[in-house]
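*Asks:* Test case, fold it:
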Amino acid sequence: MGLNLIKLCVGAESVEDLQMWSVERLDEMRKSGAEICLFHTTRMMPKRAEELLDGGSLYWVIKGKIQARQRLVEIRRITDSEGIRRCKLMLDSEIISTQWQPKRAFQGWRYLIGDEAPDDLDATQAAIPPQLKAELAELGLL
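*Replies:* Next up is the predicted model:
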């Protein structure tokens, strides 16, 4: 089983919110001439970066449930404009909806072992409207 990361998706109400935000961010990058890539910047550099890049993903916790993931494509060590060392998690642009799995709030990111990660939703399940998806998850049917 592969190694993944898990992180809170602060501010998002749904996977659709995360998808819209990603599209807007990519559009802004195209307009500004910046490198066109999705990423998440974090303080800590994962010590197990090689394992993460061997098929790992960043799983997003939205509203107390793991709901989506993005494949990790690169992990970069950077220094920000204030001279502070950071880590830039480079992400695939495809956001994959997953089975909903409850997760309590935590700070930063955590490792998520492959067999603990929720399965991806198939296309039919992913197309279910967010409100109905929430109700089905509450009933343990999704």
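
*Asks:* need the next SSE after the longest strand along the chain, C-terminal direction.
*Replies:* If each strand of the chain is counted by residues according to DSSP state E, the longest one is strand 65-79. Next along the chain after strand 65-79, taking DSSP states H and E as the criterion, comes strand 85-91.

*Asks:* Tell me the strands beside that following strand, with direction?
*Replies:* Applying DSSP bridges, strand 85-91 is found paired with strand 38-42 (antiparallel), strand 65-79 (antiparallel).

*Asks:* what pLDDT, on average, does it get?
*Replies:* Strand 85-91 shows a mean pLDDT of 96.

*Asks:* Buried ones in that strand, by neighbour count?
*Replies:* Going by neighbour count (16 or more other Cβ atoms under 10 Å), the buried part of strand 85-91 is 87-91. (C-beta placed from N, C-alpha, C; glycine too.)

*Asks:* on that earlier part again, I'd like the strands paired with strand 85-91 written out as CSV, with distance to K31 added.
*Replies:* Shown next, in CSV, are the strands paired with strand 85-91 (distance: least, Cβ to Cβ, whole Å):
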stretch, distance to K31
strand 38-42, 16
strand 65-79, 22
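
*Asks:* among those, which is nearest G11?
*Replies:* Among the strands paired with strand 85-91, the nearest to G11 by Cβ to Cβ is strand 38-42 (12.6 Å).

*Asks:* Helix or strand next in line after that closest one, which one?
*Replies:* Strand 38-42 is succeeded, C-terminally, by helix 49-52 (DSSP H and E).

*Asks:* outside of that next one, which residues touch it?
*Replies:* Outside helix 49-52, the residues that touch it by Cβ atoms under 8 Å, 6 or more residues apart in numbering are 2-5, 46, 72, 75.
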